[in-house]
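Q: Next come a sequence and a model predicted from it.
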Amino acid sequence: MPYVLVVLAILFEVAATLSLRASEGFSKLAPSVVVVIGYAVSFALLAKALTQLNVGPVYAIWSALGTVGAFAGGVLLFNEPLKPVTIAGAVIVVAGVVVMNLGGGVSHS
């Protein structure tokens, strides 16, 4: 169950981040509301998951997959540039999370 919470936290964080872009500096109401609610729900879900999982690896997963999700969403929704170097950066971020999890896992000891 805590892993489901982490996945949901990532999805809400990505939605909030993409809505932040769509809000145009909080000048559009609907995306601005999604930003506030999305981040609040994401943090609440992450906090609940961290009652059963180790903070370092879980935060790495949450932030890395949120970063990659926001990057992909920016490309798909806002026509942001997709370059080999940005793809390489995303791969490096994910590889870092994998290495970090090899060192300690995500369950409380």
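A: Done, it's in. Residues are numbered from 1 along each chain as shown.

Q: give the contact list for the residue most central in space within the chain.
A: Residue closest to the average C-alpha location in the chain (Cα atoms, centre = their mean): Gly66, at 1.8 Å. Each residue near Gly66 by Cβ atoms under 8 Å, 6 or more residues apart in numbering is listed here: 10, 13-14, 17. C-betas here are computed from N, CA, C, even on glycine.

Q: Produce a ChimeraX select command limited to the buried residues of those residues.
A: The buried residues among those can be selected in ChimeraX (16 or more other Cβ atoms under 10 Å) with this line:
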select :10,13,14,17
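
Q: closest to Ile87 among the contacts of Gly66?
A: Nearest to Ile87 out of these is Val14 (Cβ to Cβ; 17.6 Å).

Q: okay, the closest residue to Leu82 other than its chain neighbours: pLDDT?
A: Among residues not flanking Leu82 along the chain, Val75 sits closest, at 4.9 Å (Cβ to Cβ, 6 or more residues apart in numbering). Listed pLDDT for Val75 reads 96.

Q: picking that back up, and the helix or strand hosting the residue nearest to the centre of the chain, what's buried?
A: Taking DSSP states H and E as the criterion, Gly66 maps to helix 55-78. By neighbour count, with 16+ other Cβ under 10 Å as the criterion, the buried positions of helix 55-78 are 57-62, 64-71, 73-74.

Q: What is the nearest of these to Val34?
A: Taking the buried residues of helix 55-78 together and measuring to Val34 by Cβ to Cβ, the closest member is Gly73, at 12.8 Å.

Q: quick one: contacts for that closest one?
A: Neighbour list for Gly73: 14, 17-18 [criterion: Cβ under 8 Å, 6+ apart].

Q: In helices, which of those appear?
A: Those of the contacts of Gly73 mapping onto helices are 14, 17-18, per DSSP state H.
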